[in-house]
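**Student:** Structure, please.
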Amino acid sequence: MTYHELVEKAYEAMQFSYSPYSNFKVGAALLTTSGKVYTGCNVEIASFGATNCAERTAIFKAISEGNHDYSAIAVVSSSRDFTYPCGICRQVIVEFAKDIDIIVAKDYDYEVYKIDELLPKSFTQIDLK
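**Tutor:** Residues are numbered from 1 along each chain as shown. Predicted coordinates:
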């Protein structure tokens, strides 16, 4: 699957966003090494701390179905600007998908990053030893 196609999947997922408070819709599409795609959208709750981001939704769906091998994740939003994973999502990515490409897109123009660029000097399971 091309990154353009993965971005398309993220935009499709964004349409399911439940964001009545912020009206900021986010979609994500996670590509596994086997070619399967898991999508996610943001789901807001009146108690904002319980809100879940699109990136975490996609990753948690994959994990809950037994898939732990990923190659890329695309992130898009209704802002029509580049939308980067928040701090909590970056921590989840470093935990479960440290080597994937992180694709942030506005329309179909995209940039690709590694988690070390977005979360330098991260705290990981290595620090717990």
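**Student:** The helix or strand where residue 103 lies pairs with which strands, parallel or anti?
**Tutor:** If you go by DSSP states H and E, residue 103 is part of strand 101-106. If you go by DSSP bridges, strand 101-106 pairs up with strand 70-77 (parallel), strand 109-113 (antiparallel).
**Student:** Please list all residues in contact with the residue nearest in space to the middle of the chain.
**Tutor:** In the chain, the residue lying closest to the centroid (CA atoms, centre = their mean) is residue 55, at 2.5 Å. Contact analysis of residue 55 by CB atoms under 8 Å, 6 or more residues apart in numbering lists 26, 28, 30, 40, 73, 75, 85, 89, 92, 93. All C-beta spots, glycine's among them, are computed from the backbone N, C-alpha and C.
**Student:** is it true that the fourth one touches residue 54?
**Tutor:** Yes: under the criterion of CB atoms under 8 Å, residue 40 makes contact with residue 54 at 4.5 Å.
**Student:** Give me the more crowded residue out of these two.
**Tutor:** Shown here are residue 40 and residue 54; by other CB atoms under 10 Å, residue 54 has more neighbours (31 against 28).
**Student:** quick one: the helices in this structure?
**Tutor:** 3-14, 54-64, 87-96, 115-118 (DSSP state H).
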